[in-house]
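**Q** give me the fold of what follows.
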Amino acid sequence: MKKENTKTAGLRKTNGVKYFFASIWRNGMSRVGLIILVLFLAMAILGPLFLTPPSADYLNRLKGPSAEHWLGTDYSGKDTLIQLVLGSKDVLLVAFFAGIISITIACVVGVVSGLLGGAVDSVLMLITNVMVTIPSFPITMVLSMVISIDNAFMFGMVLSIQAWAGLAKAIRSQVLIIKNKDFIEASRILGMSNFNIIVNDVIPNIISYIAVNFISMMKEAIMAAVGLMYLGLVPFQGNHWGIMIQLALTASGAMMGSGAIVYFLSPVVCIVLFQLGCYLFATGLDEALNPRLRT
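**A** Here you go, the predicted structure:
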């Protein structure tokens, strides 16, 4: 009997995954978004396996696109396309860590606050309201100068310090709506713990909302990271499109009509495309993950 239950659960999980991708694929906008995100993900995973960081070649600095260098070279003669591909890994890692940390904190605060209520709710919402009132970018600037940022995880943590607050309040509102539903009351009558109620009853009903906001968090993290790098506040060790933009503007004079304009535009176009992919993909997430919208 136990083996049959395990097999049934496995089939349901498989069917759920199939339905998710089928639902995403049926939606024209989310299909395009999925393709864009998969291409960027493949670039981030496969790029470092087949490419090595380019070496400086000052005799070929600021060259335009050619058969040898498809996107030209930078101020030190390094191939722009190779830097773009290698930088995608750090861009996605920073965005992923920022998104996952922000979502985790927001879910814990929002769900616990909404479900338990009382003094716990008051304390958690007081902290959340204080965080919401603090201007996000200035505090991130200060933290980036105080905290040593030498890897993608630390960078993502700095970006998520305050990003969770607004989402936590929104999740709390969602929990307050469903906490008095019949299935929650039934779980309480059966003596289920708050942890089990959260995992089995609350999270599945707001998972689509969480997923859409996770995509949004990643988009915002990329823009914040690029902004900090452009200001020179993050001595990040590694490749990143933000570093390319900062060097194109400060070391290459891209905005002054120099040959570095392609070096500047390449990461900008990639950032725009990635954010567009996130937006398009998110349009089909709610239907794919929300049982109430399934037909």
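**Q** what residues does Lys181 make contact with?
**A** Taking CB atoms under 8 Å, 6 or more residues apart in numbering as the contact definition, Lys181 lies against nothing. Any C-beta I mention is one placed from the backbone N, CA and C, and that applies to glycine too.
**Q** typed the wrong thing, it's Ile198
**A** So Ile198 contacts Val111, Val112, Leu115 (CB under 8 Å, 6+ apart).
**Q** most neighbours among those residues, which one?
**A** Using other CB atoms under 10 Å as the neighbour test, the contacts of Ile198 are led by Val111, with 24 neighbours.
**Q** tell me which element it falls in.
**A** helix 80-116 (DSSP states H and E).
**Q** once you drop chain neighbours, what's closest to Leu59?
**A** Gly77 (6.6 Å; CB to CB, 6 or more residues apart in numbering).
**Q** which of the helices or strands spans Val272?
**A** Using DSSP H and E, Val272 falls within helix 261-282.
**Q** which strands and helices sit next to the helix or strand just after that helix?
**A** Elements were assigned by DSSP H and E; along the chain past helix 261-282, the next helix or strand is helix 285-289. Contact analysis of helix 285-289 by 3 or more CB pairs under 8 Å, 6 or more residues apart in numbering; DSSP states H and E lists helix 2-26, helix 203-230 as its packing neighbours.
**Q** list phi and psi for Thr73.
**A** phi -130, psi 170 (degrees, to the nearest 10).
**Q** identify the bridge partners of it.
**A** Asp79 (DSSP bridges).
**Q** show me the shaky parts of the stretch 51-200 of the chain.
**A** By pLDDT under 70, the stretch 51-200 of the chain has no low-scoring segment.
**Q** how does it look with 90?
**A** For the stretch 51-200 of the chain, the stretches flagged by pLDDT under 90 are 51-80, 87, 90-91, 115-118, 131-155, 158-163, 174, 176-200.
**Q** what's the neighbour count on the nearest residue to His69 once chain neighbours are set aside?
**A** Spatial nearest neighbour of His69, excluding adjacent residues (CB to CB, 6+ apart): Asp79 at 5.1 Å. Counted with other CB under 10 Å, residues neighbouring Asp79 total 23.
**Q** do I have it right that Asp79 meets Pro65?
**A** No. Asp79 is not in contact with Pro65 according to CB atoms under 8 Å; the separation is 10.8 Å.
**Q** who touches both of those two?
**A** Common contact partners of Asp79 and Pro65 (CB under 8 Å, 6+ apart): Leu71.
**Q** pLDDT wise, what is the residue nearest the centre of the chain at?
**A** Centroid-nearest residue in the chain: Met218, 2.2 Å away (criterion: CA atoms, centre = their mean). Listed pLDDT for Met218 reads 91.
**Q** touching, it and Phe96? I think so.
**A** Yes. Using CB under 8 Å, Met218 is in contact with Phe96, at 6.7 Å.
**Q** give me phi/psi at the residue nearest to Leu59?
**A** Dihedral angles of Gly77 (phi, psi; degrees, to the nearest 10) stand at phi 90, psi 10.
**Q** Ile161 now?
**A** Dihedral angles (degrees, to the nearest 10) for Ile161: phi -50, psi -40.
**Q** tell me the contacts of it?
**A** Ile139, Thr140, Leu143.
**Q** go on, Leu34?
**A** Ile24, Trp25, Gly277, Phe281.
**Q** local confidence estimate at it?
**A** 93.
**Q** tell me which element it is part of?
**A** helix 28-50.
**Q** re the thing from before, drop anything exposed from the contacts of Leu34.
**A** Neighbour counting by 16 or more other CB atoms under 10 Å classes Ile24, Gly277, Phe281 among the contacts of Leu34 as buried.
**Q** let me know the closest of these to Ile100.
**A** Distance to Ile100, by CB to CB, is smallest for Phe281 among the buried ones among the contacts of Leu34, at 16.7 Å.
**Q** how far away is the closest one from Ala42?
**A** 15 Å (CB to CB, to the nearest Å).
**Q** ok, now Ser88?
**A** 9 Å.
**Q** more neighbours: these two, which one.
**A** More crowded of Ser88 and Ala42, by other CB under 10 Å: Ser88, with 25 against 11.
**Q** how close does that one get to Ile271?
**A** Distance of Ser88 to Ile271, computed by CB to CB: 10 Å.
**Q** anything in contact with each of those two?
**A** Counting by CB under 8 Å, 6+ apart, the residues touching both Ser88 and Ile271 are Trp241.
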